[in-house]
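[1] The following comprises the amino acid sequence and a computationally predicted model.
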There are 2 protein chains.
Amino acid sequence: MRDQRTETHRDNELSPPDHDAGLIPADHESRCNTWMTVNTLHRPTHRDALVHLESAFERGDMVTVFGRCTVDYDGRATSELGPGDRLVVLKPDGSILVHTDEKRTPVNWQPPGCTHSAGVRDGRLRVRSTRSSPDERLDVFFERVEQCSAYAVNDRSDLELVGSEEDLRQHILSDPSILEAGFEPLETERQSDAGALDIFGEDAEGVPVVVELKRRRVGPSAASQLRRYVDAVRREFGDNEPVRGVLVAPSVTDRATDLLDREGLEFVALDPETGEPPVEDEERGNEQETKGERADDE
Amino acid sequence: MRDQRTETHRDNELSPPDHDAGLIPADHESRCNTWMTVNTLHRPTHRDALVHLESAFERGDMVTVFGRCTVDYDGRATSELGPGDRLVVLKPDGSILVHTDEKRTPVNWQPPGCTHSAGVRDGRLRVRSTRSSPDERLDVFFERVEQCSAYAVNDRSDLELVGSEEDLRQHILSDPSILEAGFEPLETERQSDAGALDIFGEDAEGVPVVVELKRRRVGPSAASQLRRYVDAVRREFGDNEPVRGVLVAPSVTDRATDLLDREGLEFVALDPETGEPPVEDEERGNEQETKGERADDE
DNA sequence: CACTGTATATCGTAT
DNA sequence: ATACGATGTACAGTG
């Protein structure tokens, strides 16, 4: 992902804070290892934190700031957050996260592409992140900084993930019969007036089939999406030509089943990881005949 | 291996402040300065980090761990992440985030409700977060810990946010004419076979109107959603009764406009923050006559 | 629990 | 840049 650094001298921003509570002997720390990967100030003055932040931005470090703060956001929406202790994470790609002690989702944030800056205003440390298009601004005002760390990140690895919709597609393409005997895929991402079709193919009778894939249990919106695609293909092919629509997912809700039935669309249960029919919980209310023929109530 | 500096700044932790897991009374706020709110180890041994983590979990602290690690996830999907430097955040509500130096979204995570644990396995520090239903496990293996911090978080403030779909609804309910002259809201969240309708009302002629609200520019899926609702109400009212469907959003894409037209549905442009027609970029390809009557090409 | 829909969604890809 | 759909979406509200 990123390159590692080669510079270790950072003594300028390691000026010790004024209070002595929780002091880190910075110079000692920097000598501990040749590659300085973390640089931390405990209870710094706003001024020291400011210098620390700015040099971290300069270096392209990832930064965390913990302390008592308020947050102000104005952009796609507008929000205010009163005083509290939060962990703020600033990334060199321009993203910023404000985390409380709850939830996976930050209470405030900004996606990559923003510009970070810091300053002292009215006796508070202001950490600001802005961007244009859309015009947005996120301000964090610290009345007190408990800790401020800069991290030199070295990360080349990419995440490998199994069980996506793409995996489900590969399962079907490598063995089309798991969808239905005689199914023949003709095209993936085939364009239509309504957008790209996941899989377009023909059944054993040569009837066109639109296949929409979902990696997890589907509701009404997936049924509607399939309908839009089938409608588009029908407009393309004319009213005389039959076109089938098949929704493929591990399971389906009752309301979606009703919708599919009304629209004359079909459902096939497949697990995205295995490419096989998922194990049925007989208790659950969604029994579908996985081995029976498809209902031809059209 | 490298066990330099095993005891780092733990002095305050050894005299427990007994601050019952971050729930600090407001009237003791002044004393908060003397309490230890952050507890940090630099380059700890795995064993020291382990002890630090476990007592932080015990206290209900928020925790960050930075170092070189690999990540293993198995649950709704499966993923692997090779070695790299990451910032791991563990929250007392059971959520965990693994952040690289890029993206707003963590590279791996677990939502609230998980159980955190830590241990040393094969010379690596293992931080594990698990839950059942769904059965999921996230393992972070640190080959080296650069820094490990525990934060006592005190946060009572709630986020106040303006510009949501709910705000748009309030705008329309307090002045229904911004939707259309003579519009009368009758019910919000009215139930139908297809789900709850944002606003259900009547126009000046007494014709039923289904209103679907969106806080931002809408595409085909919003049009389909409105169609599902209108269909349900039409089934309810019978074929003789006319039912109108109106999509309200700041703007709409071309494909969604086509879809709405084909379905005989309507669009009204309103900004969720102001409740007024948004300022038009004449350059943009989505000109709609904001002051003209609605197109009655049905 | 499951179901449904919103989100400052974020993110990737194609146009 | 916008459009469109996937996401291990997360999250809230309801039944």
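    In hand now; what should we look at?
[2] in chain A, which spans are strands?
    Taking DSSP state E as the criterion, chain A contains strands spanning A:38-42, A:62-74, A:78-90, A:96-99, A:108-110, A:115-121, A:124-131, A:136-151, A:159-162, A:184-192, A:195-202, A:208-213, A:244-249, A:266-269.
[3] Export these to a markdown table and append columns for distance to DNA strand D and mean neighbour count.
    Quick note: C-beta positions are derived from backbone N, CA and C, even for glycine. Formatted as a markdown table, those follow (distance: least, C-beta to the nearest atom of the strand, whole Å; neighbours: other C-beta atoms under 10 Å in any protein chain shown):
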| stretch | distance to DNA strand D | mean neighbour count |
| --- | --- | --- |
| strand A:38-42 | 24 | 24 |
| strand A:62-74 | 16 | 23 |
| strand A:78-90 | 14 | 21 |
| strand A:96-99 | 10 | 24 |
| strand A:108-110 | 12 | 23 |
| strand A:115-121 | 14 | 15 |
| strand A:124-131 | 10 | 21 |
| strand A:136-151 | 13 | 22 |
| strand A:159-162 | 6 | 13 |
| strand A:184-192 | 9 | 14 |
| strand A:195-202 | 3 | 20 |
| strand A:208-213 | 6 | 24 |
| strand A:244-249 | 10 | 25 |
| strand A:266-269 | 15 | 21 |
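[4] For these, give me TSV that also has distance to chain B.
    What follows is those, written out as TSV (distance: least, C-beta to the nearest C-beta, whole Å):
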stretch	distance to chain B
strand A:38-42	5
strand A:62-74	5
strand A:78-90	3
strand A:96-99	7
strand A:108-110	6
strand A:115-121	13
strand A:124-131	11
strand A:136-151	5
strand A:159-162	4
strand A:184-192	11
strand A:195-202	7
strand A:208-213	13
strand A:244-249	13
strand A:266-269	17
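[5] possible to save those as JSON lines with mean pLDDT and distance to A:Glu236?
    Converted to JSON lines, the strands of chain A look like this (pLDDT from 0 to 100; distance: least, C-beta to C-beta, whole Å):
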{"stretch": "strand A:38-42", "mean pLDDT": "96", "distance to A:Glu236": "59"}
{"stretch": "strand A:62-74", "mean pLDDT": "98", "distance to A:Glu236": "45"}
{"stretch": "strand A:78-90", "mean pLDDT": "98", "distance to A:Glu236": "44"}
{"stretch": "strand A:96-99", "mean pLDDT": "99", "distance to A:Glu236": "45"}
{"stretch": "strand A:108-110", "mean pLDDT": "98", "distance to A:Glu236": "42"}
{"stretch": "strand A:115-121", "mean pLDDT": "98", "distance to A:Glu236": "47"}
{"stretch": "strand A:124-131", "mean pLDDT": "98", "distance to A:Glu236": "41"}
{"stretch": "strand A:136-151", "mean pLDDT": "98", "distance to A:Glu236": "41"}
{"stretch": "strand A:159-162", "mean pLDDT": "98", "distance to A:Glu236": "34"}
{"stretch": "strand A:184-192", "mean pLDDT": "97", "distance to A:Glu236": "7"}
{"stretch": "strand A:195-202", "mean pLDDT": "98", "distance to A:Glu236": "11"}
{"stretch": "strand A:208-213", "mean pLDDT": "98", "distance to A:Glu236": "10"}
{"stretch": "strand A:244-249", "mean pLDDT": "98", "distance to A:Glu236": "14"}
{"stretch": "strand A:266-269", "mean pLDDT": "98", "distance to A:Glu236": "20"}
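[6] want to try a markdown table for those, with distance to B:Ser95 as columns?
    Listed next are those as a markdown table, based on distance: least, C-beta to C-beta, whole Å:
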| stretch | distance to B:Ser95 |
| --- | --- |
| strand A:38-42 | 23 |
| strand A:62-74 | 17 |
| strand A:78-90 | 12 |
| strand A:96-99 | 9 |
| strand A:108-110 | 15 |
| strand A:115-121 | 25 |
| strand A:124-131 | 23 |
| strand A:136-151 | 21 |
| strand A:159-162 | 19 |
| strand A:184-192 | 35 |
| strand A:195-202 | 32 |
| strand A:208-213 | 29 |
| strand A:244-249 | 27 |
| strand A:266-269 | 31 |
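[7] Of those strands, give the one that comes closest to B:Arg126.
    strand A:159-162 (18.9 Å; C-beta to C-beta).
[8] contacts for that closest one?
    With contact meaning C-beta atoms under 8 Å, 6 or more residues apart in numbering or on different chains, strand A:159-162 is reached by A:273, B:77-81, B:107-108.
[9] To B:Val246, which of the strands of chain A lies closest?
    Per C-beta to C-beta, nearest to B:Val246 of the strands of chain A: strand A:195-202, 24.0 Å.
[10] I would like the residues contacting the closest one, please.
    Under C-beta under 8 Å, 6+ apart, the answer for strand A:195-202 is A:165, A:169, A:172-173, A:176, A:183-191, A:208-213, A:228-229, A:232-233, B:220, B:255.
[11] let's see 6 Å
    By C-beta atoms under 6 Å, 6 or more residues apart in numbering or on different chains, the residues outside strand A:195-202 that reach it are A:183-190, A:209-213, A:229.
[12] so which of the residues you listed are also by DNA strand C?
    Within the set of those, contact with DNA strand C (C-beta under 7 Å from any atom of the strand) is found for A:Glu189.
[13] ok, the contacts of strand A:195-202 vs A:Gly60, which is closest?
    In terms of C-beta to C-beta, no member of these lies closer to A:Gly60 than A:Glu189, at 36.7 Å.
[14] Specify the residue ranges that define each domain of chain A.
    A:11-151, A:165-269 (automatic domain parsing).
[15] first to last residue in the last one, what's the distance?
    When you say that, I think you mean domain A:165-269. 13 Å (C-alpha to C-alpha, to the nearest Å).
[16] Same question for stretch A:110-129.
    With C-alpha to C-alpha, one end of stretch A:110-129 sits 7 Å from the other.
[17] do stretch A:184-202 as well
    5 Å.
[18] quick one, what contacts A:His116?
    A:His116 sits next to A:57, A:90, A:129 when contact means C-beta under 6 Å, 6+ apart.
[19] What residues are bridge-paired with it?
    A:Ser129 (DSSP bridges).
[20] same question, the one 4 residues further on
    Here A:Val120 sits in beta bridges with A:Leu125, as judged by DSSP bridges.
[21] Was I right to think it contacts A:Asp48?
    No - under the criterion of C-beta atoms under 6 Å, A:Val120 makes no contact with A:Asp48, lying 10.6 Å away.
[22] Give me the nearest residue to A:Pro176, chain neighbours excluded.
    Computed as C-beta to C-beta, 6 or more residues apart in numbering or on different chains, the closest residue to A:Pro176 that is not its neighbour in sequence is A:Phe183, at 4.5 Å.
[23] Next up, the contacts around that neighbour.
    Contacts for A:Phe183 (C-beta under 6 Å, 6+ apart) come out as A:176, A:201, A:203.
[24] mind checking pLDDT for it?
    A:Phe183 is assigned 98 on the pLDDT scale.
[25] With DNA strand D as the reference, measure out to it.
    In this view, A:Phe183 and DNA strand D are 19 Å apart by C-beta to the nearest atom of the strand, to the nearest Å.
[26] before we move on, what about A:Asp258?
    Where DNA strand D is concerned, A:Asp258 sits at a distance of 16 Å (C-beta to the nearest atom of the strand).
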